[in-house]
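# The following comprises the amino acid sequence and a computationally predicted model.
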Amino acid sequence: MIYSVEDDQAIRELILYALKQAGYEARGFEEGTAFLAALETRLPQLVLLDQMLPGMDGSQLLAHLKGHEKTRHIPVIMLTAKGAEMDKVRSLDAGADDYVVKPFGVMELLSRIKAVLRRSQAEESLPVLRNGPIQVDIPRHEVRVSGQEVALTNMEFRLLAHFMGSPGLVFSREQLLSSVWDSDYLGDTRTVDMHVGSLRAKLGAAGKLIETKRGVGYRLRDVIEP
């Protein structure tokens, strides 16, 4: 089941038609209250969320989803007319899995839905990752350092999980933009530097494990003993 929260009836009906033609079960909502009520009876596999909605807007609904244990795992794709880079960064950091700017092509949207669902299903099968004092539970979206939980933004979590999956390997800033953000993200490499800096700070002393390889990129040092 895929939920679409979109106040424009024509766009909502187009989305639902495309989803059903592609073989998905889908349900649409024109505002947040009905959407939140539906979550009490059935959780979807994925949510397509408009940004500008009557009542609770898309940012508030996204925060609600990611702030509750039973819904925080549900992948969310933002569908919005706001195309500025910072709008996209804020949504991704708040927990969105992808960001599609209107007007969009139906085939592109379906492709992005498939990609997000594949990634979500792959993450659910991953074990808890450990390196030194750092522990990353991907399905539960939790990070602990020496047993203490650390609160990260969505992109900080994805960046750390990427490093944890390949400790010791060096990744260029361009590789991280492609793999952690998404393949067509148009931001510059300063975005990577900013998130690495904030991630290091939040990890405390363990942040020193994320090393800068001058002229190349970043890596997470492989630590054998916790």
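Received, thanks.

# Okay, and the beta partners of residue 217?
residue 172, residue 213 (DSSP bridges).

# Around it, how many other residues sit close by?
Neighbours of residue 217 under the rule other Cβ atoms under 10 Å: 19. Heads up, the C-betas are built off the backbone N, CA and C, glycines and all.

# Residue 23 too?
6.

# if I look at it, how far off is residue 115?
As judged by Cβ to Cβ, to the nearest Å, residue 23 and residue 115 stand 16 Å apart.

# Do you have the helices of this protein handy? List them.
Taking DSSP state H as the criterion, the chain carries its helices at 9-21, 32-39, 58-66, 85-94, 106-124, 154-165, 173-176, 190-203.

# okay, the angle between the third one and helix 85-94?
Okay, so that is helix 58-66. 20 degrees (axes from the mean of the first three to the mean of the last three Cα atoms, to 10 degrees).

# which helices and strands does helix 58-66 pack with?
The contact analysis (3 or more Cβ pairs under 8 Å, 6 or more residues apart in numbering; DSSP states H and E) places helix 58-66 against helix 32-39, strand 46-50, strand 76-80, helix 85-94.

# could you dump these to CSV with mean pLDDT, mean neighbour count and distance to residue 58?
Listed next are the helices and strands packed on helix 58-66 as CSV, based on pLDDT from 0 to 100; neighbours: other Cβ atoms under 10 Å; distance: least, Cβ to Cβ, whole Å:
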stretch, mean pLDDT, mean neighbour count, distance to residue 58
helix 32-39, 94, 16, 9
strand 46-50, 96, 25, 5
strand 76-80, 91, 23, 6
helix 85-94, 82, 18, 8
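
# how about a markdown table for these, with distance to residue 142 added?
Output for the helices and strands packed on helix 58-66, formatted as a markdown table (distance: least, Cβ to Cβ, whole Å):
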| stretch | distance to residue 142 |
| --- | --- |
| helix 32-39 | 21 |
| strand 46-50 | 21 |
| strand 76-80 | 18 |
| helix 85-94 | 17 |
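
# quick one: which of the helices of the chain has the weakest pLDDT on average?
Of all the helices of the chain, mean pLDDT reaches its minimum on helix 85-94 (a mean of 82).

# what inclination does that helix have with respect to helix 190-203?
Using the same axes, to 10 degrees: helix 85-94 against helix 190-203 is 30 degrees.

# Now do the contacts for the one residue sitting closest to the centre of the chain.
What sits nearest the mean C-alpha location of the chain, by Cα atoms, centre = their mean, is residue 97, with 3.1 Å. Contacts of residue 97 were listed using Cβ atoms under 8 Å, 6 or more residues apart in numbering, and they are 75-77, 116, 119-120, 154.

# Recalculate using a threshold of 7 Å.
Listed by Cβ atoms under 7 Å, 6 or more residues apart in numbering, the contact set of residue 97 reads 75-77, 116.

# hang on, the earlier thing: deepest of the helices of the chain, which one?
helix 154-165 (a mean of 21; mean count of other Cβ atoms under 10 Å).
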